[in-house]
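Visitor: sequence and predicted structure below; questions after.
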Amino acid sequence: MSRDHVLKHGLFRTIATPWQAVQGIEIKAFPRYRFVVIYDFEGRRIYRPHLISNEVDDDKEVRVLREIREKRRGPRWKPIPEIAAKISPQE
């Protein structure tokens, strides 16, 4: 994460998604683990691999990320209905 972007570091490139483009943040749960997913303005999922664990307080991490998003996305941000429909109702 940075002040202006959500960063995802890959093997060959880094993807920077501005906070204004973040449409939602949620937890995906599977039987053995849970992980955090961030949705961008096109509905792409940005998986936060360092937040995959049964030992990390995912709910707290998501609350913090959502608070950061609220502060940094700007006053003109609006949800995109097609993307919002993909995100869990808890968002």
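Guide: Cool, got the structure.

Visitor: please count neighbours and contacts with C-alpha atoms only from this point.
Guide: Will do.

Visitor: the helices in the chain, which residues?
Guide: 58-72, 81-84 (DSSP state H).

Visitor: could you pull out the buried residues of the longest one?
Guide: Pointing back at helix 58-72 there. 58, 62, 65-66, 69, 72 (16 or more other C-alpha atoms under 10 Å).

Visitor: next: the last one.
Guide: Burial within helix 81-84, assessed by neighbour count using 16+ other C-alpha under 10 Å, is assigned to 83-84.

Visitor: then stretch 76-91?
Guide: 83-84, 87.

Visitor: not counting its neighbours along the chain, what's nearest the residue nearest the centre of the chain?
Guide: By C-alpha atoms, centre = their mean, the mean C-alpha position of the chain lies nearest to Ile38, the distance being 2.1 Å. Nearest in space to Ile38, with sequence neighbours left out and distances taken as C-alpha to C-alpha, 6 or more residues apart in numbering, is Ile25 at 4.5 Å.

Visitor: residues in contact with that neighbour?
Guide: 36-39, 62, 65-66, 91 (C-alpha atoms under 8 Å, 6 or more residues apart in numbering).

Visitor: by pLDDT, give me the weakest of those residues.
Guide: Here the lowest pLDDT out of those sits on Glu91, with 50.

Visitor: follow-up on the earlier one: what residues are up against the residue nearest to the centre of the chain?
Guide: 22-26, 45-48.

Visitor: outside of stretch 61-75, which residues touch it?
Guide: So stretch 61-75 is contacted by 3-4, 18-22, 25-27, 36 (C-alpha under 8 Å, 6+ apart).

Visitor: strands of this protein, residue ranges please.
Guide: Counting by DSSP state E, the chain has strands at residues 5-9, 14-18, 24-29, 34-39, 45-48.

Visitor: in the fourth one, what counts as buried?
Guide: Of the residues in strand 34-39, those buried under the neighbour-count criterion (16+ other C-alpha under 10 Å) are 34-39.

Visitor: in JSON lines: those residues, plus distance to Gly10.
Guide: JSON lines is the format used below for the buried residues of strand 34-39 (distance: C-alpha to C-alpha, whole Å):
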{"residue": "Arg34", "distance to Gly10": "20"}
{"residue": "Phe35", "distance to Gly10": "17"}
{"residue": "Val36", "distance to Gly10": "17"}
{"residue": "Val37", "distance to Gly10": "16"}
{"residue": "Ile38", "distance to Gly10": "16"}
{"residue": "Tyr39", "distance to Gly10": "17"}
